[in-house]
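[1] Here is my input; please provide its structure:
(2 chains)
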Amino acid sequence: MEDPTPVLELRGISKQFPGVLANDDVDFDLRRGEIHALLGENGAGKSTLMNILYGLYRPDAGEIRLRGKPVSFGSARDAIQAGIGMVHQHFMLIPVMTVAENVVLGTEPLHAGVLLDERAAERRVADMARTFRFSVDPSALVEDIGVGQQQRVEIMKALYRNAEILILDEPTAVLTPQEASDLFEILRTLRRKGISIIFISHKLKEVLEIADRITVLRRGRVIESVPAAGATQEALARAMVGRDLLLRVEKGAANPGDPILTVESLHVLDDRELETVHGLSFEVRAGEIVGVAGIDGNGQSELVEAIVGLRRPTEGRILINGQVIARDDPKHLIDAGVGHIPEDRHRRGLVLSFTVAENLSLHEYRRPTESRFGWLWPRRMITRAQKLIRDYDVRGGSPNTPAGSLSGGNQQKVVIAREIESEPDVLVAAQPTRGLDVGAIEYVHRRLVQARDAGKGVLLVSLELDEIRSLSDRVLVLYEGRLVGEYSPEASEEELGLAMTGGTRGEEIPA
Amino acid sequence: MSDPAETPEAQVPERVPFAQRYALWQRGGGIATPLATALLAFVMGGMVVLATGHNPLQTYRSIFDGSGLNWLFPWVSGAARQTAATDLQETGLLMIPLILTGLAVAFAFRCGLFNIGGQGQYIVGIVTGTQMGVWLGSVPGPVHIFIAIAAATLAGALWGGIAGFLRATVGAHEVISTIMLNWIAIWVGTYLIGFGGPLQDHSQPGVPVSREIAPNAHLHVFWGNPFLQGLDVGFFIALAMLVVYWLIIRRTTLGFEVRAVGFSPEAARTAGIGVARNYFLAMAISGAFAGMAGALDILGWQFRLDVTTIQIASQMAFTGIAVALLGRNTAIGTLLGAVLFAALLNGTSTANLDPNVFPPQLAGNLTRIIQGLVVLFIGADVLVLYVWNLRRKVKLRRQPPAAPAPVAE
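    As a prediction, this is how the structure comes out:
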């Protein structure tokens, strides 16, 4: 930060897409050895800006100056040659190759001109790992190492190509809290070595923790560019969203009633016929939100699918209101009072080519309000949809708009409206805010708390620990298909994080 | 107060899955794309005509006249009008099975299934309809007709239902099973009315035909000569089926479920809709339409079934695929598609096309060329989209960098 001339300057960048100005006269600069966070909601223009910088899009206006000289990249290759590296959210690694091979891929050290000099490759990668304190074994296969380590391999790939500027796109989205703090340690080391980092995120807390400066984008425009020191979550949220936001979920004390959903020693297989849920038992009572925390792939999807009838358990049973469900297909569970907000709203939550009205009627169409003896009244469907669109504040569409053309947040509102309006006794919400922006997240959370206060049981399965902690009345931690403990939502992030990685057991759960 | 959920996310070109974009595009394409498709097919067909040394415009003109559609023009009079009327009646007769086999394809499409079994379903329908017409000679006419049509419809439903059942239970793909069922229908039908077959007309053992249906089972001919293939009321039954199709799709819970499954089986299943049940029902209903076509053909103008109908004429069920595709699986589109292909088939027939303009033996192929092109272009919607995107990508890449990228020091 001693050097005042920025390594990178973006001046007046504009980019027009059909119907939307994705970047509007954006200025952005990056100093040597700083971590500069780019903060904004989904669709704010962060990715567009970075894709322009990385040579994937061309700007309609504006210029990029690298070390004071104007440049223009025709492709990502140009950007890489100019010393810019990008780590995408989805890693681009070859699982069956070693760490070293992945790092050197494309620029391999050769001996005899044609053969890969494996030893040289490993040596160079090991050197680099030492310099930057990566603690990665260069000879390990990528498929054998964890997600956090894989991310480091991606970073090493960029550094190996002499990147001086590193773009990280939502790097913590796939990490556990522990892995995230390890990543931050590495980023600090990189900063000391003079690497400049652009850190893209929509999470306020981590941006404040790691960044030196923060630039907030909203609707394609730079709202503010401030030093992290002195910035607050509230101010950043306001800049990001354009209004005051409730960062904390407002909710009163839970008032739990009778058990509504009872799961008894449930065993479930995944698609590969491997058992991923090993004898789970728990219950959700009326008027409480039970959060299931865990790292992705620890049996959450299979658990949810079993509860809503999409997957047949091999052992154990599920009771709704004390009744065993005889036929465990989705229809019988819906009729028994299970509402379901699926984790994949595009594949499961909505029929994207159906209109909003038809999607809102996916349960209602077979009830007497909309049909009789198999005869359907589309008029009533539309009238009801008009009401729900108003009540649930669905924007950007009328009853006859295809659901696929709504934004993610509004699509989720359609799902939530449908599920809540069919008056379930228990609502199973699987990652209900995945991919949504802050405003929509706030809305979803409010609705879930409302459902709880209306006396419904809510089972919240989420990978976002913050979401679990702020919404739940009880937290169950799932690790490798087993419940490792029950925690109060006040339990610290570290404690929960440890349990999520199989570290310690919390209170033993009575079976 | 601005809602953040309304950020430009709605409009930013998100990476939407291809199938979904295609579905939206199809919905939005409306009438323009089928029209463009048909037009393009005709233009290319015209080029083929040109290549054979004939005048395409003149050829299309005489195909149009051959179809009898010129009857609609008030200035056509006298003998020409007489001929036009007979031609148009024939075109109308061809429309009946084209509408119904078109619906058989369209209904399955709505459920995400590709019913190639229209031929087999038509054959079991026509065989059943024939036999019902032969039997029950003493039953009063309307009842007899009703029984024959109902039985043929059920037979078609059963034949389609087999494919649906296999798809629903063991996941056997309907394209394969319907093709197989076509062959079973062809050879069982051939056996039944072929030489020495149980349903062959025993009074003329040298001819592979069925017995003739009872006169009281004939459908009433409302236009033209009943003995020279005038247009019968089966035409109105086919039109009524278009309405029935629309009602099922748009106004019943069954249609709602079928469409949900067709667009997204996963989402439908999650919403509690029985996917397997709908696969079965959709195929059965599809088969019913095709089966009914068989009954209307036999009761309307054929009166006795011969082996060529089973083996050759039934192939017109494949034209039903083009009808449904061109009609975008809608009722009105299927009607228009049926008009187009019936007119083409009839207008290019040896009897109706003026050989001085274009040799009819070539003209039959012209119909096939146009039919093939229509199917190709409809299928190529996807291709066109793909090429469009590719073109944009290439253009983006071609733009040379304004200044050479500096190399890292």
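
[2] From here on, just use CA atoms for contacts and neighbour counts.
    OK.

[3] Okay, helices next: where are they in the stretch 1-150 of chain B?
    Secondary structure of the stretch 1-150 of chain B (DSSP state H, counting those that start in this stretch): helices at B:18-29, B:32-51, B:56-66, B:78-110, B:118-134, B:141-170.

[4] Out of those helices, which gets nearest to chain A?
    Distance to chain A, taken as C-alpha to the nearest C-alpha, is lowest for helix B:18-29 among the helices of the stretch 1-150 of chain B, at 6.3 Å.

[5] quick check: mean pLDDT across the closest one?
    Computed over helix B:18-29, the mean pLDDT rounds to 50.

[6] again, but for stretch B:365-384
    Mean pLDDT, stretch B:365-384: 75.

[7] mind saving the C-alpha coords of it as PDB?
    Provided in PDB are the C-alpha atoms of stretch B:365-384 (Å, rounded to 0.1, in the frame of the first residue of the first chain):
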ATOM      1  CA  ASN B 365     -41.900 -37.300 -53.900                       C
ATOM      2  CA  LEU B 366     -42.200 -33.500 -53.700                       C
ATOM      3  CA  THR B 367     -44.700 -34.000 -50.900                       C
ATOM      4  CA  ARG B 368     -42.300 -36.100 -49.100                       C
ATOM      5  CA  ILE B 369     -39.500 -33.600 -49.700                       C
ATOM      6  CA  ILE B 370     -41.600 -30.900 -48.200                       C
ATOM      7  CA  GLN B 371     -42.700 -33.100 -45.300                       C
ATOM      8  CA  GLY B 372     -39.100 -34.000 -44.600                       C
ATOM      9  CA  LEU B 373     -37.900 -30.400 -44.800                       C
ATOM     10  CA  VAL B 374     -40.700 -29.300 -42.400                       C
ATOM     11  CA  VAL B 375     -39.600 -32.000 -39.800                       C
ATOM     12  CA  LEU B 376     -36.000 -31.000 -40.400                       C
ATOM     13  CA  PHE B 377     -36.500 -27.300 -40.000                       C
ATOM     14  CA  ILE B 378     -38.700 -27.700 -36.900                       C
ATOM     15  CA  GLY B 379     -36.000 -29.900 -35.400                       C
ATOM     16  CA  ALA B 380     -33.500 -27.300 -36.600                       C
ATOM     17  CA  ASP B 381     -35.100 -24.600 -34.400                       C
ATOM     18  CA  VAL B 382     -32.600 -25.800 -31.900                       C
ATOM     19  CA  LEU B 383     -29.900 -25.800 -34.500                       C
ATOM     20  CA  VAL B 384     -30.700 -22.300 -35.600                       C
END
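
[8] So chain A: which segments form each domain?
    A:8-241, A:259-337+A:424-500 (automatic domain parsing).

[9] could you dump the ones you listed to JSON lines with mean pLDDT and mean neighbour count?
    Output for the domains of chain A, formatted as JSON lines (pLDDT from 0 to 100; neighbours: other C-alpha atoms under 10 Å in any protein chain shown):
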{"stretch": "domain A:8-241", "mean pLDDT": "87", "mean neighbour count": "19"}
{"stretch": "domain A:259-337+A:424-500", "mean pLDDT": "90", "mean neighbour count": "21"}
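
[10] Redo those domains as JSON lines? Include distance to A:R379.
    Output for the domains of chain A, formatted as JSON lines (distance: least, C-alpha to C-alpha, whole Å):
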{"stretch": "domain A:8-241", "distance to A:R379": "32"}
{"stretch": "domain A:259-337+A:424-500", "distance to A:R379": "24"}
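
[11] Switch those over to CSV; also include distance to chain B.
    CSV is the format used below for the domains of chain A (distance: least, C-alpha to the nearest C-alpha, whole Å):
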stretch, distance to chain B
domain A:8-241, 4
domain A:259-337+A:424-500, 4
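
[12] related to what we said a few turns ago, mean pLDDT lowest where, among the helices of the stretch 1-150 of chain B?
    Among those, helix B:18-29 carries the lowest mean pLDDT (a mean of 50).

[13] Please export the C-alpha coordinates of the one helix or strand A:A306 maps to as CSV.
    A:A306 is part of helix A:300-308 when elements are defined by DSSP states H and E. Presented in CSV, the C-alpha positions along helix A:300-308 are these (Å, rounded to 0.1, in the frame of the first residue of the first chain):
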residue,chain,number,x,y,z
GLN,A,300,-28.9,-33.4,3.8
SER,A,301,-30.4,-33.9,0.4
GLU,A,302,-31.2,-37.5,1.0
LEU,A,303,-32.8,-36.7,4.3
VAL,A,304,-35.0,-34.0,2.9
GLU,A,305,-36.0,-36.2,-0.1
ALA,A,306,-37.0,-39.0,2.3
ILE,A,307,-39.1,-36.7,4.4
VAL,A,308,-41.0,-35.3,1.4
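
[14] need the contact list for A:A37.
    Going by C-alpha atoms under 8 Å, 6 or more residues apart in numbering or on different chains, A:A37 touches A:I198, A:F199, A:I200, A:S201, A:V207, A:A211, A:D212, A:R213, A:I214, A:T215.

[15] and if you look at A:E143?
    Residues in contact with A:E143 (C-alpha under 8 Å, 6+ apart) are A:P95, A:V96, A:M97.

[16] wait, isn't A:Q178 in contact with A:G497?
    Yes - at 6.8 Å, A:Q178 and A:G497 qualify as touching, with contact defined as C-alpha atoms under 8 Å.

[17] picking that back up, after the helix holding A:A306, next one along is what?
    Assigned by DSSP H and E, the successor of helix A:300-308 is strand A:315-320.

[18] ok, residues contacting that following strand?
    With C-alpha under 8 Å, 6+ apart as the test, strand A:315-320 has contacts from A:260-268, A:279, A:307, A:324-325, A:336-338.

[19] strands paired with whichever helix or strand comes after it, and their directions?
    Proceeding N to C from strand A:315-320, the next assigned helix or strand is strand A:323-324, under DSSP H and E. Strand A:323-324 pairs in its sheet with strand A:315-320 (antiparallel), by DSSP bridges.
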